[in-house]
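build me a model from this:
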Amino acid sequence: MVAVKKILRAIPTSLTQFENEINLLIKLKHHNIVRLIGYCYETQHLHTPYEGKSVFAWNTESLLCLEFLPNGSLDKYISDASSGLNWHTRYKVIEGISYGLQYLHEHSNEPIIHLDLKPANILLDGKMLPKITDFGLSRLFDQNQSICTASTGGTLGYMPPEFLRGIITPMWDIFSLGVIIMEVITGHRDYPHDIRKSAKGFITLELQKWRNKLQKEPGYTMVETDCQQIERCIQIGLICVNDERTKRPTMKKIINMLQGLESMDWYITNELSEP
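Numbering: from 1, shown residues only. Okay, here's the model as predicted:
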């Protein structure tokens, strides 16, 4: 089975995004990136009603055929600890998105900035493995320079503060990832971005919610281990949404922190301390 994405209007921006998405997806091969099966681009000269008259006009339809992912998008699964996905599934989602983003930033032939990372653009397969999709706004990135542009796109709430100045770097995606991590853990959409000002209290509150949930599972013996993992993920999410892009970690550091291979003490002491 395949999923079909249709470009609805033949306007210059949509066609540019269509071509951009094809060019990028053809290059990308990773189990956390949606796979392109094929595409179709067709233009017809049709007799069409327009302002009370019938005129001939060019009509273009563009289709992307992508691998079918039966569990749909992640935004349907954003719910708090009392319902929805268990912690191990949520962690698998966070880890998978992180691996996919690391591939885009660091392991593909040319670094790619996604620019519209959000739960709606994360698809889930039958085993809840996440795959990043929708590369219409994405850009190749020269590691030796940042991009300044008057046109950025993206989705409010997932875009970093520097979007107002049109500055694009890989740290744009890092901020978006931080928002997604926070939403996956807390189950709340559009969480307040000033939460970093009271990070310690926020972590304590969310951790207690999860502890209560885990302790209710009969015979479960991994409560403390899971709580340590949950706390680490919350801390990573908070670090990623730092307003100052130079203080956000790279994807390599994020993966190492997720796996407990890199100390977070410096970030916790300097970035998550109370004001």
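
now do the helices in the stretch 51-200 of the chain.
Along the stretch 51-200 of the chain, the stretches classed as helices by DSSP state H, counting those that start in this stretch are 87-102, 171-186, 199-215.

mean pLDDT lowest for which of those?
Ranked by mean pLDDT, the helices of the stretch 51-200 of the chain end with helix 199-215 in last place, scoring a mean of 90.

what is the helix or strand that that helix is followed by packed up against?
Counting by DSSP states H and E, the next helix or strand C-terminal to helix 199-215 is helix 223-240. Counting by 3 or more Cβ pairs under 8 Å, 6 or more residues apart in numbering; DSSP states H and E, the packing neighbours recorded for helix 223-240 are helix 87-102, helix 171-186, helix 199-215, helix 251-258, helix 265-271. Quick note: C-beta positions are derived from backbone N, CA and C, even for glycine.

mind putting those into TSV with mean neighbour count and distance to residue 66?
As requested, those are exported to TSV (neighbours: other Cβ atoms under 10 Å; distance: least, Cβ to Cβ, whole Å):
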stretch	mean neighbour count	distance to residue 66
helix 87-102	20	15
helix 171-186	25	20
helix 199-215	16	34
helix 251-258	18	24
helix 265-271	13	36
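
of the ones you listed, which is nearest residue 126?
Distance to residue 126, taken as Cβ to Cβ, is lowest for helix 87-102 among these, at 12.6 Å.

for that closest one, packing partners?
Judged by 3+ Cβ pairs under 8 Å, 6+ apart, helix 87-102 is in contact with strand 122-124, strand 130-132, helix 171-186, helix 199-215, helix 223-240, helix 251-258.

need the contact partners of the second one.
With contacts defined as Cβ atoms under 8 Å, 6 or more residues apart in numbering, strand 130-132 is touched by 31-35, 67, 69, 74, 92-93, 96-97, 100-101, 104, 114, 117, 121-125.

centre of the chain to stretch 202-216, how far?
The chain centroid and the centroid of stretch 202-216 are separated by 25 Å under Cα atoms, centre = their mean, to the nearest Å.

closest to the centroid, which residue in the protein?
For the chain, residue 117 is the residue whose C-alpha lies nearest the centre (Cα atoms, centre = their mean; 3.2 Å).

re earlier: of the helices and strands packed on helix 87-102, which is nearest residue 87?
Of all the helices and strands packed on helix 87-102, helix 223-240 sits nearest to residue 87, with 5.4 Å by Cβ to Cβ.

orientation of the closest one relative to helix 87-102 in degrees?
Angle, helix 223-240 to helix 87-102, by axes from the mean of the first three to the mean of the last three Cα atoms, to 10 degrees: 30 degrees.

list the buried residues for helix 223-240?
Neighbour counts using 16 or more other Cβ atoms under 10 Å place 226-227, 229-240 of helix 223-240 among the buried residues.

got the angle between it and helix 251-258?
Using the same axes, to 10 degrees: helix 223-240 against helix 251-258 is 160 degrees.

just the CA coordinates of helix 223-240, formatted as PDB?
The C-alpha atoms that make up helix 223-240 are tabulated as PDB, following Å, rounded to 0.1, in the frame of the first residue of the first chain:
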ATOM      1  CA  VAL A 223       9.600   2.600  37.900                       C
ATOM      2  CA  GLU A 224      12.800   4.200  39.000                       C
ATOM      3  CA  THR A 225      14.600   3.400  35.800                       C
ATOM      4  CA  ASP A 226      11.800   4.800  33.700                       C
ATOM      5  CA  CYS A 227      11.600   7.900  35.900                       C
ATOM      6  CA  GLN A 228      15.300   8.600  35.300                       C
ATOM      7  CA  GLN A 229      14.700   8.300  31.600                       C
ATOM      8  CA  ILE A 230      11.700  10.600  31.700                       C
ATOM      9  CA  GLU A 231      13.600  13.200  33.700                       C
ATOM     10  CA  ARG A 232      16.500  13.100  31.200                       C
ATOM     11  CA  CYS A 233      14.100  13.500  28.300                       C
ATOM     12  CA  ILE A 234      12.400  16.500  29.900                       C
ATOM     13  CA  GLN A 235      15.700  18.100  30.600                       C
ATOM     14  CA  ILE A 236      16.800  17.600  26.900                       C
ATOM     15  CA  GLY A 237      13.500  19.100  25.700                       C
ATOM     16  CA  LEU A 238      14.000  22.200  27.900                       C
ATOM     17  CA  ILE A 239      17.600  22.500  26.700                       C
ATOM     18  CA  CYS A 240      16.500  22.300  23.100                       C
END
